[in-house]
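**Student:** output the structure for:
(chains A, B, C and D)
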Amino acid sequence: MLLKDVADTSAAVAGVSGRLAKIDLLAGCLRRSAPAEAEVVASYLAGELRQRRTGLGYASLRDLPPPADAASLQVLEVDAAFAAIGELSGKGSTAARRERFRDLMARATPAEQRLLAALVSGELRQGALDGVLTEAVARAAEVPAADVRRAITVAGALVPVAAAVLAAGPDGLAQFRLTVGSPLRPMLASPAPDIAEALQRTGEAAVEWKVDGVRVQIHRDGNDVAVFTRTLDDITGNVPELAEAALALPVRSVVLDGETIALDPSGRPLPFQRTGSRVSSRVDVATARAKVPLSLFVFDALHVDGTDLIGAPGIDRWAALSAVVPASARVPRLVTVSVDEAQAFFDDALAHGHEGVIVKGLDVPYEAGRRGAGWLKVKPRHTLDLAILAAEWGHGRRQGWLSNLHLGARDPSGAYGPEGGWVMLGKTFKGLTDQMLTWQTAELLSLADGPTDGWVVHVRPELLVEVAFDGVQTSPRYPAGVALRFARVLRHRPDKPAAEADTIDSVLAIRGPVHA
DNA sequence: AATGTCTGCCCC
DNA sequence: ATTCTGC
DNA sequence: GCAGAATGGGCAGACATT
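**Tutor:** Prediction:
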């Protein structure tokens, strides 16, 4: 199959808005692919290269050669080219990669160049990724979508399932079962504003500490252990203490879901940055471990000694978990119908330095790969009134709007610059409706302090926004050494004078209890 | 040797 | 990660 | 209710540049 077919399909998918129309187009392309090509075609239509690491990215897209006139690239040769590029390493490899990529791009038509650039940068915007493509695979293979979805959740990835079912039909799905040692997509939680609302939605619930660490899925089969992250990256080598913990359990085989976090000697959480740094260190793990040991908080069991528990109610999975994991490695948990009891448990979690709680309906099965309504996360929220210092022009559906806002706190004493100046605390684009974007674009252009045709439009710091955020984290890049975590706009404050904006001192004061 | 750029189905 | 929007 | 899009801060590690 020519790459042109995939590129044309993607462009056509982007050009229609209906979900069913997108599915039709995608299924047609999948059907036209030969069995040996199905994996590559499914990958590209899902917006991913088949290679996990190519060393190419956004910066590789500068200075591209002019496109070819005629389509000649086969999907399999493109895949082979990326594989070869991914294998380059060592001195000179960056230049060699760029050169090989340029050669590939020189053979691509304009439409193909657009597709390849999107795949390399990971930004294929066609209104259809895994979710819609799953339906298209089902359509092309003439099997029920629910069966394909089930296979994908236990396989952890769409592409191998697509290849199998397109090649062998329904029989191709049989091989995809929960396999100890092979990761599945973790279940995620939806946000809820507070405890009362969460409990009202779930009814009687298990309320668990929300530990601010890194999600881990631990598989043990006999003496073999593997640890995976939320994106199913294998980090077994980085976290030997978790492997040891799994090997110490009185089981032959088990799949556990939980959170790992670095605690200080008194048992309080260290800032998330410390946990993140530790978990992603892989060169000198022994030293890293000695300096920052990891603790484990398990909250689910998906498999225990030959029994799959994914479909079982949460309360039964917890019972199975409790039978094999000691209380010291389980997340603190309370089952209740009482809002007051749940609220007290939430307050206690915060008092211990944790992020909040997860509220889980008792009957909820493990909905792998879904952000279900059965698990609700509740976290406290801070707010500040900050000035907009600048704004960046948006892309995609935000083209033509000033979107990403630079936020600053007032610095009355001039601790970080001129007296009465502003200290930047980060950026945000979240929380803005189309209506707010329209309004702020006009407003900010009227406050512009310099050119408005560049990427960043600087403005006089006169418009305030009320911003919500989860905490204050230390920052190597912003002037006060702090940045807001997960900042989002709640509303504009044209009613409030800039002289009354919150100050950098009030931001630094928040840092203590609910740090990063 | 120090510093800078870039990438990562990164982590959150 | 969080949030909004179209389906 | 889901899936997709639009983007945030910070980290380690590989390689390039000075």
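
**Student:** next, the buried residues of stretch A:379-387.
**Tutor:** A:Lys379, A:Arg381, A:His382, A:Leu384, A:Asp385, A:Leu386, A:Ala387 (16 or more other C-beta atoms under 10 Å). Just so you know, the C-beta spots here come from the backbone N, C-alpha and C atoms, and that holds for glycine as well.

**Student:** quick one, phi/psi of the third one?
**Tutor:** If I follow you right, that is A:His382. Per-residue torsions, A:His382: phi -100, psi 160 (degrees, to the nearest 10).

**Student:** go ahead and confirm it touches A:Phe486.
**Tutor:** No. With contact defined as C-beta atoms under 8 Å, A:His382 does not count as touching A:Phe486 (10.2 Å).

**Student:** shared neighbours of the two, anything?
**Tutor:** A:Phe469, A:Asp470 (C-beta atoms under 8 Å, 6 or more residues apart in numbering).

**Student:** where are the low-confidence patches of the stretch 301-450 of chain A?
**Tutor:** Scanning the stretch 301-450 of chain A for pLDDT under 70 picks out nothing.

**Student:** so where's chain A uncertain?
**Tutor:** For chain A, the ranges with pLDDT under 70 are A:512-516.

**Student:** any idea how far the residue of it found nearest DNA strand D is from A:Gly127?
**Tutor:** Closest approach between chain A and DNA strand D, counting by C-beta to the nearest atom of the strand: A:Gly396, at 1.4 Å. Per C-beta to C-beta, to the nearest Å, A:Gly396 is found 11 Å from A:Gly127.

**Student:** ok, the two, which is more surrounded?
**Tutor:** Taking neighbours as other C-beta atoms under 10 Å, A:Gly396 and A:Gly127 compare with A:Gly127 leading, 14 against 8.

**Student:** shouldn't that one be in contact with A:Gly18?
**Tutor:** No. With contact defined as C-beta under 8 Å, A:Gly127 does not reach A:Gly18; the gap is 9.5 Å.

**Student:** need the strands for the stretch 201-350 of chain A, in chain order.
**Tutor:** A:205-210, A:214-221, A:224-228, A:253-262, A:294-304, A:307-308, A:333-336 (DSSP state E, counting those that start in this stretch).

**Student:** check which residues of the fifth one are buried.
**Tutor:** Just to be clear, that refers to strand A:294-304. A:Leu294, A:Ser295, A:Leu296, A:Phe297, A:Val298, A:Phe299, A:Asp300, A:Ala301, A:Leu302, A:His303, A:Val304.

**Student:** just give the nearest non-adjacent residue to the second one, would you?
**Tutor:** The shortest distance from A:Ser295 to any residue that is not its chain neighbour, by C-beta to C-beta, 6 or more residues apart in numbering, is 5.1 Å, and that residue is A:Leu263.

**Student:** any idea how many residues pack against that neighbour?
**Tutor:** 18.

**Student:** for it, what are its contacts?
**Tutor:** So A:Leu263 contacts A:Pro269, A:Leu270, A:Ser295 (C-beta under 8 Å, 6+ apart).

**Student:** what bridges to it?
**Tutor:** Beta-bridge pairing of A:Leu263, defined through DSSP bridges, involves A:Pro269.

**Student:** re the thing from before, nearest to DNA strand B, of the buried residues of stretch A:379-387?
**Tutor:** A:Lys379 (10.1 Å).

**Student:** how near is A:Val214 to DNA strand C?
**Tutor:** 10 Å (C-beta to the nearest atom of the strand, to the nearest Å).

**Student:** what's around that residue, how many residues?
**Tutor:** 22.

**Student:** quick check: closest non-adjacent residue to it.
**Tutor:** A:Val279 (4.7 Å).

**Student:** A:Ala71 now?
**Tutor:** Closest to A:Ala71 by C-beta to C-beta, 6+ apart is A:Lys4, at 3.7 Å.

**Student:** I'd say the one you found and A:Gln74 touch.
**Tutor:** No. A:Lys4 lies out of contact with A:Gln74 (C-beta under 8 Å); the separation is 9.8 Å.

**Student:** neighbour count winner among these two?
**Tutor:** A direct count of neighbours by other C-beta under 10 Å for A:Lys4 and A:Gln74 places A:Lys4 higher, at 19 against 15.

**Student:** now the common contact residues for A:Lys4 and A:Gln74.
**Tutor:** By C-beta under 8 Å, 6+ apart, no residue touches both A:Lys4 and A:Gln74.

**Student:** list the contacts of the residue of the stretch 301-450 of chain A found nearest DNA strand B.
**Tutor:** Closest approach of the stretch 301-450 of chain A to DNA strand B (C-beta to the nearest atom of the strand) occurs at A:Glu355, with a separation of 7.7 Å. Contact partners of A:Glu355, counting by C-beta under 8 Å, 6+ apart, are A:Lys210, A:Val211, A:Asp212, A:Ala349, A:Lys379, A:Asp470.

**Student:** top of the residues you listed by number of neighbours, please.
**Tutor:** A:Val211 (27 neighbours).

**Student:** can you pull the contacts of it?
**Tutor:** A:Glu259, A:Ile261, A:Pro269, A:Phe297, A:Val331, A:His354, A:Glu355.

**Student:** can I get these in CSV including distance to A:Ala111?
**Tutor:** Shown next, in CSV, are these (distance: C-beta to C-beta, whole Å):
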residue, distance to A:Ala111
A:Glu259, 44
A:Ile261, 47
A:Pro269, 50
A:Phe297, 49
A:Val331, 50
A:His354, 50
A:Glu355, 45
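
**Student:** of all the residues you listed, which comes closest to DNA strand C?
**Tutor:** A:Glu355 (8.9 Å).

**Student:** any idea how far that closest one lies from A:Pro269?
**Tutor:** 8 Å.

**Student:** do the same with A:Arg317
**Tutor:** On the measure of C-beta to C-beta, A:Arg317 and A:Pro269 end up 25 Å apart.

**Student:** A:Leu26 too?
**Tutor:** Taken as C-beta to C-beta, the span from A:Leu26 to A:Pro269 is 44 Å.

**Student:** now A:Ala138
**Tutor:** 43 Å.

**Student:** ok, A:Asn238 next?
**Tutor:** 19 Å.

**Student:** likewise A:Glu462?
**Tutor:** According to C-beta to C-beta, A:Glu462 stands 39 Å off from A:Pro269.

**Student:** how about A:Thr307?
**Tutor:** In terms of C-beta to C-beta, A:Thr307 sits 33 Å off from A:Pro269.

**Student:** now swap in A:Ala329 and tell me
**Tutor:** 16 Å.

**Student:** so which of the two has more stuff around it?
**Tutor:** Neighbours were counted for A:Ala329 and for A:Pro269 using other C-beta under 10 Å; A:Pro269 has more, 21 against 18.

**Student:** got the contact list for that one?
**Tutor:** Counted by C-beta under 8 Å, 6+ apart, A:Pro269 has contacts A:Val211, A:Asp212, A:Gly213, A:Ile261, A:Ala262, A:Leu263, A:Thr275, A:His352, A:Gly353, A:His354.

**Student:** are any of those residues buried, and if so which?
**Tutor:** A:Val211, A:Asp212, A:Gly213, A:Ile261, A:Ala262, A:Leu263, A:Thr275, A:Gly353, A:His354.

**Student:** A:Thr260 is in contact with the third one, correct?
**Tutor:** Yes. The pair A:Gly213 and A:Thr260 passes the contact test of C-beta under 8 Å, sitting 5.1 Å apart.

**Student:** any shared contact partners between those two?
**Tutor:** A:Thr275, A:Leu294, A:Phe297.

**Student:** skip the chain neighbours and tell me the closest residue to the second one.
**Tutor:** Right, the one you point to is A:Leu294. The nearest residue in space to A:Leu294 (C-beta to C-beta, 6+ apart) is A:Thr260, at 4.8 Å.

**Student:** do A:Gly258 as well
**Tutor:** A:Val298 (3.8 Å).

**Student:** what bridges to that neighbour?
**Tutor:** So, taking DSSP bridges as the rule, A:Val298 has A:Gly258, A:Arg330 as bridge partners.

**Student:** list the backbone torsions phi and psi for the residue in the stretch 151-300 of chain A positioned nearest to DNA strand C.
**Tutor:** With C-beta to the nearest atom of the strand as the measure, A:Pro191 is the residue of the stretch 151-300 of chain A nearest to DNA strand C, at 4.8 Å. Main-chain torsions, A:Pro191, degrees, to the nearest 10: phi -80, psi 150.
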